[in-house]
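Student: I need the structure of the sequence given here:
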Amino acid sequence: MTELKTAVKISMAQAGELDAELKALLETDEETITINMEDTTYISSVGLRALASAQKKANQTGKELLFTGVRPQILEIFEVTGFAGVFYIV
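Tutor: Alright, predicted model coming up:
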């Protein structure tokens, strides 16, 4: 299992790097990738798109993304946008 720790703020400036890191991890042989969001206090729509894109790719390739350490304010954003039902949040 591989872990990726997200930035405190995931806005347009960080989303490109996050997207690239997730794509690279999804190209490896790892079956489970943990996305540690314990430090993340803000996520923009571009950040959400990067996570959604990674989840879609994981689903297509039989891999699993596990979201850990999701703060209440980020969880609320996931719930409002409908992603809470798409992401596996532990």
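Student: Please make it C-alpha for all contacts and neighbour counts, starting now.
Tutor: OK.
Student: tell me which residues form a beta bridge with Leu66?
Tutor: Counting by DSSP bridges, Leu66 is bridged to Thr34, Tyr88.
Student: hang on, it packs against Phe87?
Tutor: Yes - between Leu66 and Phe87 there is a contact under C-alpha atoms under 8 Å: 7.5 Å.
Student: Secondary structure element holding the residue sitting furthest away from the middle of the chain?
Tutor: Centroid-distance maximum for the chain: Asp29 at 18.2 Å, with C-alpha atoms, centre = their mean. Element membership for Asp29, per DSSP states H and E: none, as it lies in no helix or strand.
Student: Would you mind putting the CA coordinates of the longest helix seen in the chain into CSV?
Tutor: Taking DSSP state H as the assignment, the helix of the chain that covers the most residues is helix 45-61. Output of helix 45-61 as CSV, limited to C-alpha atoms (Å, rounded to 0.1, in the frame of the first residue of the first chain):
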residue,chain,number,x,y,z
SER,A,45,-13.3,22.4,-7.6
VAL,A,46,-10.1,21.8,-9.5
GLY,A,47,-8.8,19.7,-6.6
LEU,A,48,-12.1,17.8,-6.5
ARG,A,49,-11.8,17.1,-10.2
ALA,A,50,-8.3,15.7,-9.7
LEU,A,51,-9.5,13.3,-7.0
ALA,A,52,-12.6,12.4,-9.1
SER,A,53,-10.4,11.7,-12.1
ALA,A,54,-8.1,9.5,-10.0
GLN,A,55,-11.1,7.6,-8.5
LYS,A,56,-12.5,7.0,-12.0
LYS,A,57,-9.1,5.6,-13.2
ALA,A,58,-8.8,3.5,-10.1
ASN,A,59,-12.3,2.0,-10.7
GLN,A,60,-11.4,1.2,-14.3
THR,A,61,-8.1,-0.5,-13.4
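Student: Who are the contact partners of Ile74?
Tutor: Ile74 makes contact with Thr40, Thr41, Tyr42, Ile43, according to C-alpha atoms under 8 Å, 6 or more residues apart in numbering.
Student: run the last query once more with 6 Å
Tutor: By C-alpha atoms under 6 Å, 6 or more residues apart in numbering, Ile74 lies in contact with nothing.
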